[in-house]
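**Student:** Predicted model follows, preceded by the sequence.
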Amino acid sequence: MKSQDIRKAYLQFFESKGHTIVPSAPIVLKDDPTLMFNNSGMAQFKEFFLGNGTPKSNRITDTQKCLRVSGKHNDLEDVGFDTYHHTMFEMLGNWSFGDYFKKEALPWAWEFLTDVLKLDKDRLYVSVFEGSTEENVPFDQEAWDIWKQFVPEDRIILGNKKDNFWEMGDQGPCGPCSEIHIDLRSDAERNEVSGRSLVNADHPQVVEIWNNVFMEFNRKADGSLEKLPAQHVDTGMGFERLCMAMQNVTSNYDTDVFTPLIAKVEEITGLKYTPNTKYPISNTQEKTNIAIRVVVDHVRAVAFAIADGQLPSNTGAGYVIRRILRRAIRYGFTFLGTKEPFINELVPVLANQMGEFFPEIKSQQQLVTNVIREEEASFLRTLEQGIQLLDNVISTTTGKEVSGEKAFELYDTFGFPIDLTALILRERGFSLDEAGFETELQKQKARSRAASEVSTEDWSVLIPGNVETFVGYDQTENEARITRIRKVDSKKDGILYQIVLDNTPFYPEGGGQVGDKGTLVSANETIDIIDTKKENNLILHFAKQLPENVNATFTAKVNTDLRVSTSKNHSATHLMHLALRTILGTHVEQKGSLVNPNYLRFDFSHFSKVSDEELHQVEASVNAQIEAQLQLVEHRNIPIKEALDKGAMALFGEKYGDSVRMIEFGNSKELCGGIHVKNTADIWHFKIVSEGAVAAGIRRIEAITGDAVKAFYTNQESTLSEIKEVLKNPQDVLKSVASLQDDNAKLKKQIEQLVKEKIDGLSASLVSEFQDVNGINFLVKQVDLSMSATKDLAQAIGTSKPNSFIVLASLEEGLPNIHCYIAKELVANKGLNAGTVIRELGKYIEGNGGGQPFFASGKGKNVNGIAAVLDNAVNFVK
């Protein structure tokens with residue numbers, strides 16, 4: 001049975017049981033501050049489990065893209081070394097929100113596996129929670145009694161809290177679970193060793209395929225459990241593992257989920273992958289297998305993350321995506337011999353495989369390909385530079401062991417993989433101080449943990465059962481009461497309090513727009529609200545202190561100055577999006593945005609630099625729409641199909657409900673939950689201040705509106721006045737500046753000619769100052785030249801004198817610089833290294849430097865050290 005058919009069969013089965021099929025949420029989470037990525041099927045439904053929202057149906061089924069590479073659920077370092085761990089995986093799920101429970105969920109699971117898919121019942125084992133006195137949760141008798149109807153008791157296993165009590169994290173929804181495992185070993189192996197003894201023992205062919213979680217508790221901050229408002233079912237079945245069972249193979253990578261990707265890697269590299277059935281194999285083949293598994297797994301994770309709007313970067317979720325991709329690149333580089341970008345060539349294969357169920361990978365295929373190709377090229381350059389840096393480390397190492405501290409610097413500062421460092425060192429006859437490296441790594445992790453540590457208390461509920469209301473589209477001030485509060489303590493922000501109101505005008509951060517600021521005012525005090533965010537469908541107002549009387553009635557006041565400026569920038573973003581699509585083409589799609597009171601930032605897909613003329617056209621188009629005084633047309637709670645039929649733009653990577661909000665200014669129509677001006681005339685004016693690249697195929701524009709534009713032009717006028725004053729108030733400023741540039745260019749040429757003549761003269765005179773030291777033409781000298789001219793002089797003299805070793809020093813702007821030239825024959829025959837010379841001599845001038853073995857330069861701070869440099873240079877040739 002093909003993987004596409006297995007996925008369809010699952011969804012159709014639960015649809016027949018009254019479930020509504022919903023699409024996968026994006027793999028990248030944008031409005032959940034507790035998670036970077038969707039790491040389980042239940043993540044998008046947390047608000048329903050907590051009772052903070054109402055689902056579209058009490059019964060839902062889906063297949064969810066998941067990513068486990070950070071936090072508690074982190075599978076990254078296992079990927080490739082076994083046949084069943086993945087970064088990105090699909091989780092088939094069926095959900096009950098306060099509807100059915102164990103007596104329906106467990107029989108349905110058995111029915112699907114054994115009646116629909118026809119899996120061998122004798123190969124299946126089930127587990128139930130044995131109970132915990134520590135948690136005061138009893139043995140799951142109900143699940144045991146249900147399973148006894150289908151499974152012999154010797155295949156029902158009691159599981160402890162670790163295996164059979166599922167928790168999302170340290171806090172949040174949780175409950176006992178009942179797992180289904182399958183034994184895929186041969187009959188001979190099964191007769192020899194019972195599958196029962198291998199359940200949850202990390203055996204690659206005795207694996208869990210389905211977990212039925214019965215969500216009935218909430219884990220509080222103090223570790224205690226409280227009952228959820230209703231009982232829920234959260235089930236997750238590993239799609240890749242199910243395909244392994246259905247396709248009669250013993251590795252996820254031998255299923256048709258991965259074999260097309262593996263075949264493409266084989267075609268590109270000329271290497272062969274060995275299926276799991278053909279063991280034992282050589283050590284070299286095993287390394288090849290591991291590398292291919294890493295590549296085909298990681299390309300899925302990276303491609304879907306980019307398609308959902310997360311570009312690789314150096315921070316947050318973007319850093320995680322970059323780290324995954326770089327792991328794949330270095331495995332290809334080290335074990336598959338790939339020295340050129342190749343992973344991007346797998347994207348069309350992936351899009352063809354999964355485009356039917358996940359259309360975003362098909363529609364974003366070109367963007368994904370371009371971003372991955374650029375990332376590959378960049379990191380391959382990093383690897384080349386890292387190898388040069390490692391050469392320098394080796395050349396300065398005493399003995400045959402490279403310090404862990406130096407290796408960690410390569411890893412941490414330059415991104416050079418530690419396993420590649422170890423491999424190169426072994427090839428060169430060196431060893432790595434692994435303990436020292438691990439010490440430095442743990443220090444870094446400890447610093448990182450300390451910096452990001454957050455302690456969150458439980459909610460203190462003041463008004464039970466309240467459903468809060470957002471009134472900020474119509475009001476910036478209203479009467480409100482506090483419904484719940486909690487304290488959050490973090491290293492970064494210190495102690496803050498999160499406040500939830502029964503109804504609020506404060507807009508929570510979302511859709512690129514920053515959260516509102518303002519105040520809560522009572523009869524006796526005023527509390528500053530410093531930010532507003534949304535979590536699990538609750539609007540959280542952040543304050544540095546709580547009101548003395550939390551039960552008082554407050555006036556919630558949004559800072560309207562900030563709100564108005566932000567709304568101008570948000571509406572201008574919509575107008576600019578339309579202008580870009582009109583002028584550059586309909587391939588332009590939003591890939592990220594930031595809207596705050598000061599400026600707007602807009603990332604979009606486009607494969608070349610936007611020309612100055614095109615930027616002028618975009619500016620003119622937006623300002624024309626502003627001058628047209630277009631009235632805001634807001635469609636609140638419109639069915640999404642109707643909005644799309646009206647021409648509204650939906651953004652990839654965003655999660656939309658059945659009803660949406662549509663914002664319309666003339667021909668600009670977008671799905672948007674943000675705050676906007678009532679009329680485009682309120683924006684006043686729009687000005688682009690910068691345009692540049694973010695990643696391959698992604699451009700970024702920053703722009704300003706309203707008062708910021710006035711300030712911009714005021715500053716420009718002031719600068720122009722100052723320039724006129726410096727130029728003695730010429731009638732034609734441009735002509736005067738051009739004349740200055742011409743004069744400067746002429747003088748520069750004259751200076752260059754004079755310096756060249758000076759270098760030629762010094763070169764001729766210094767040839768007579770060479771000394772013979774052990775058969776080497778040796779010269780040290782301080783000269784009166786700039787740093788660049790001194791460098792040119794050293795190379796000019798060196799090329800004119802064979803077998804030469806030259807050290808020159810000079811001063812530039814009062815600071816010393818030194819240069820070393822060594823003839824290539826000395827580098828080859830005597831092992832001399834200019835980089836080493838400069839690093840050692842640089843200590844005398846309190847500086848540093850580097851370069852190639854035959855030429856290197858450095859600069860420092862201690863002028864008085866030049867004499868010591870010149871005196872000690874001879875020690876390298878004695």
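**Tutor:** Now that the structure is in, tell me what you want to look at.
**Student:** where does Arg426 fall, helix, sheet strand or coil?
**Tutor:** When classified by DSSP: H, G, I helix; E, B strand; the rest coil, Arg426 comes out as helix.
**Student:** For it, grab the count of nearby residues.
**Tutor:** 11 (other CB atoms under 10 Å). Backbone N, C-alpha and C define where each C-beta goes, glycine included.
**Student:** And Gly169, by the same measure?
**Tutor:** Neighbours around Gly169, by other CB under 10 Å: 14.
**Student:** hang on, it is in a helix, isn't it?
**Tutor:** No: counting by three-state DSSP, Gly169 falls outside a helix, being coil.
**Student:** Phi and psi next, for it.
**Tutor:** Backbone torsions of Gly169, given as degrees, to the nearest 10, read phi -170, psi -160.
**Student:** And for Asn715?
**Tutor:** Here is the backbone geometry of Asn715 (degrees, to the nearest 10): phi -70, psi -40.
**Student:** how close does it sit to Ile688?
**Tutor:** According to CB to CB, to the nearest Å, Asn715 stands 16 Å off from Ile688.
**Student:** Settle it for me: which of the two has more neighbours?
**Tutor:** Ile688 (18 against 10).
**Student:** isn't the more buried one right next to Ala703, touching?
**Tutor:** Yes: between Ile688 and Ala703 a contact is recorded at 4.7 Å, counting by CB atoms under 8 Å.
**Student:** got the buried residues for stretch 308-317?
**Tutor:** Neighbour-count burial for stretch 308-317, counted by 16 or more other CB atoms under 10 Å, picks out 308-312, 317.
**Student:** can you name the two of those residues that are farthest apart?
**Tutor:** The most widely separated members of those are Asp308 and Pro312, with 13.0 Å between them, by CB to CB.
**Student:** okay, now Ser721: neighbour count?
**Tutor:** 11.
**Student:** ok, now which ones touch it?
**Tutor:** Shown in contact with Ser721 (CB atoms under 8 Å, 6 or more residues apart in numbering): no residues.
**Student:** Return the alpha-carbon coordinates of the helix or strand it falls within using PDB.
**Tutor:** According to DSSP states H and E, Ser721 maps onto helix 706-726. What follows is helix 706-726 as a C-alpha-only set of coordinates in PDB (Å, rounded to 0.1, in the frame of the first residue of the first chain):
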ATOM      1  CA  GLY A 706       3.300  60.000   8.700                       C
ATOM      2  CA  ASP A 707       5.400  61.900  11.200                       C
ATOM      3  CA  ALA A 708       8.400  59.800  10.500                       C
ATOM      4  CA  VAL A 709       8.400  61.000   6.900                       C
ATOM      5  CA  LYS A 710       8.100  64.600   8.100                       C
ATOM      6  CA  ALA A 711      11.100  64.000  10.400                       C
ATOM      7  CA  PHE A 712      13.000  62.400   7.500                       C
ATOM      8  CA  TYR A 713      12.600  65.300   5.200                       C
ATOM      9  CA  THR A 714      13.400  67.800   8.000                       C
ATOM     10  CA  ASN A 715      16.600  66.000   8.600                       C
ATOM     11  CA  GLN A 716      17.400  65.900   4.800                       C
ATOM     12  CA  GLU A 717      16.800  69.700   4.600                       C
ATOM     13  CA  SER A 718      19.100  70.300   7.600                       C
ATOM     14  CA  THR A 719      21.800  68.100   6.100                       C
ATOM     15  CA  LEU A 720      21.600  70.000   2.800                       C
ATOM     16  CA  SER A 721      21.900  73.300   4.600                       C
ATOM     17  CA  GLU A 722      25.000  72.100   6.400                       C
ATOM     18  CA  ILE A 723      26.500  70.900   3.100                       C
ATOM     19  CA  LYS A 724      25.800  74.300   1.500                       C
ATOM     20  CA  GLU A 725      27.500  76.100   4.400                       C
ATOM     21  CA  VAL A 726      30.600  73.900   4.100                       C
END
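**Student:** Buried residues in whichever helix or strand comes after that helix, which are they?
**Tutor:** For helix 706-726, the succeeding helix or strand toward the C-terminus, using DSSP H and E, is helix 733-766. By neighbour count with 16+ other CB under 10 Å, helix 733-766 contains the buried residues 736, 755, 759, 762-763, 766.
**Student:** what's the angle from helix 733-766 to helix 706-726?
**Tutor:** Inter-element angle recorded for helix 733-766 and helix 706-726: 60 degrees (by axes from the mean of the first three to the mean of the last three CA atoms, to 10 degrees).
**Student:** Counting neighbours, which bits of stretch 591-599 end up buried?
**Tutor:** Buried, per 16+ other CB under 10 Å, within stretch 591-599: 591-597, 599.
**Student:** Next, give me the two most distant ones among those.
**Tutor:** So, those by CB to CB: farthest apart are Lys591 and Pro597, at 22.8 Å.
**Student:** what's the helix or strand for Glu216?
**Tutor:** For Glu216, the element it lies in under DSSP H and E is strand 206-219.
**Student:** For that strand, name the packing helices and strands.
**Tutor:** Judged by 3 or more CB pairs under 8 Å, 6 or more residues apart in numbering; DSSP states H and E, strand 206-219 is in contact with helix 102-111, strand 165-167, strand 172-183, strand 225-238, helix 239-246.
**Student:** Could you rerun that using 6 Å?
**Tutor:** If you count contacts as 3 or more CB pairs under 6 Å, 6 or more residues apart in numbering; DSSP states H and E, strand 206-219 packs onto strand 172-183, strand 225-238, helix 239-246.
**Student:** tell me the mean pLDDT for whichever strand or helix holds Pro260?
**Tutor:** Pro260 is part of helix 259-269, with elements assigned from DSSP H and E. Summarised as a single mean, pLDDT over helix 259-269 is 97.
**Student:** I am finished for the moment; much appreciated.
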